[in-house]
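**Q** Model the structure of this input:
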Amino acid sequence: MTPSALTSGLCELTLEARDLDRMQAFYTASFGMTVLSREPDRVWLACGDDARLGLWAPGRKEFGDEGGRRVHFAFSADREALERVLERLRAMGASPTGPIEHPGGDVSVYVEDPEGNVVEVWNYFRDGNGRAAGVAALES
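**A** I've put the predicted structure just below:
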């Protein structure tokens, strides 16, 4: 966390899922996520030590939330994990794009989930400019 940051990371992200079973299967098989809890209208998956992914059936939830539809988001991973994710996605018959190398030397893999969301797996904070920026902020 940078010295001026008031937050320490992403806590949760919610996506609309018209077919909860299919979305749950995709995220557990593709990314090795585990189910934290399941209710009739939603599933919570662990995605890292301090974050969860919510898969929500369409419709209004608490606080007027409905979940996101057709979004782009990224999971953080190291280069070795990116290779394992690519293998899993290809074995499942998905059509991932990548690895794509960025100017800072970091690499991303992209794939659409069953609802059409663009899922990126990126080593920005592990091996790229994000890591360098984080180290520099801590040293200043």
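**Q** Give me the contacts around stretch 31-50.
**A** By Cβ atoms under 8 Å, 6 or more residues apart in numbering, the residues outside stretch 31-50 that reach it are 8-9, 11-12, 14, 17, 20, 23-24, 27-28, 52-57, 59, 61, 75-76, 85, 88, 121. (C-beta placed from N, C-alpha, C; glycine too.)
**Q** which residue is nearest the middle of the chain?
**A** Central residue check for the chain by Cα atoms, centre = their mean: the C-alpha nearest the mean position is that of Phe75, 3.4 Å away.
**Q** Okay, now the unreliable bits of this protein?
**A** Where the chain drops to pLDDT under 70, the residues are 1-8, 128-140.
**Q** could you pull out the strands for it?
**A** In the chain, the segments counted as strands under DSSP state E are 12-16, 34-39, 42-46, 52-56, 72-76, 97-101, 107-112, 118-122.
**Q** returning to that earlier point: can you tell me, leaving aside adjacent residues, what's nearest to the residue nearest to the centre of the chain?
**A** Leaving aside its chain neighbours, Phe75 sits nearest to Val121 (5.0 Å; criterion: Cβ to Cβ, 6 or more residues apart in numbering).
**Q** how many other residues sit next to the one you found?
**A** Counted with other Cβ atoms under 10 Å, residues neighbouring Val121 total 24.
**Q** With Asp106 instead?
**A** Counted with other Cβ under 10 Å, the neighbours of Asp106 add up to 22.
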